[in-house]
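1. here is a sequence together with a model predicted from it:
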Amino acid sequence: MNKMRIKPIITLILVLTLLVCATACTNGKRAGEEAKSSVSADISAIEKLFPSLEGATEIEWEQVTLGSGDSRVPGPTDYRFQGYIVLSDDVAQKYASSYDFTEAEPDVTFENIKEREGNWKYSEDFCKDIIPEYYPGSVWIDGNTILFSVTTT
């Protein structure tokens, strides 16, 4: 009788393991689906991420899907928004004089955007003031350019 109950359990575990492996191997993509560029220059979407940011004149950002991104697979899907924001000179000057920045190496890897070299600086207070508390992420600044990486759910 014990052997009769163990076989279905082992079978279920094997099927679930194969399902998890198949999902991980496809990285949430359907068969034959190619990765699409998610680069945008739409400032309005980023204004929602950074409602207190002033002086954005141009932007280049990408959306990276974390998690399955497949509605057929249950579980959370998070999105990482990352890119560059160019500020007006007067706002950049205002931020530079209002925060204590230290040199820092950004922890951002882009999929579709060409990385810009810079002398990036970081301020935890600047991050707290610019990024809403319900989004984890960081921003770095070099002159009038902000480099950002923010995750949402």
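-> Nice, thanks for sending it over.

2. now the helices for this protein?
-> All helices of the chain, identified by DSSP state H, fall at 2-26, 43-49, 89-98, 124-130.

3. worst average pLDDT in those?
-> Out of the helices of the chain, the stretch the model trusts least by mean pLDDT is helix 2-26, with a mean of 49.

4. give me the buried positions along stretch 123-140.
-> Going by neighbour count (16 or more other Cβ atoms under 10 Å), the buried part of stretch 123-140 is S123, F126, C127, I130, I131, G137, S138, V139, W140. Yep, even glycine has a C-beta here, placed from its N, CA and C like the rest.

5. start to end distance for it?
-> Terminal residues of stretch 123-140 are spaced 8 Å apart (Cα to Cα, to the nearest Å).

6. same thing with stretch 65-81?
-> End-to-end distance of stretch 65-81 (Cα to Cα): 9 Å.

7. OK, contacts around the residue nearest to V86 when sequence neighbours are not counted?
-> The shortest distance from V86 to any non-neighbouring residue, by Cβ to Cβ, 6 or more residues apart in numbering, is to E58 (4.5 Å). By Cβ atoms under 8 Å, 6 or more residues apart in numbering, the contact set of E58 is A41, I43, I85, V86.

8. quick check: I59 touching I85?
-> Yes. Shown here, I59 and I85 form a contact pair, counting by Cβ atoms under 8 Å, at 4.9 Å.

9. now for those two: what residues contact both?
-> Overlap between the contact sets of I59 and I85, as judged by Cβ under 8 Å, 6+ apart, is given by I46.

10. who has more neighbours out of these two?
-> Set I59 next to I85 and count neighbours by other Cβ atoms under 10 Å: I85 wins out with 23 against 20.

11. how many residues are close by F50?
-> Using other Cβ under 10 Å, F50 is surrounded by 22 other residues.

12. for G55, see how far away the nearest residue to it once chain neighbours are set aside is.
-> The shortest distance from F50 to any residue that is not its chain neighbour, by Cβ to Cβ, 6+ apart, is 5.5 Å, and that residue is I130. Using Cβ to Cβ, to the nearest Å, we find I130 at a distance of 12 Å from G55.
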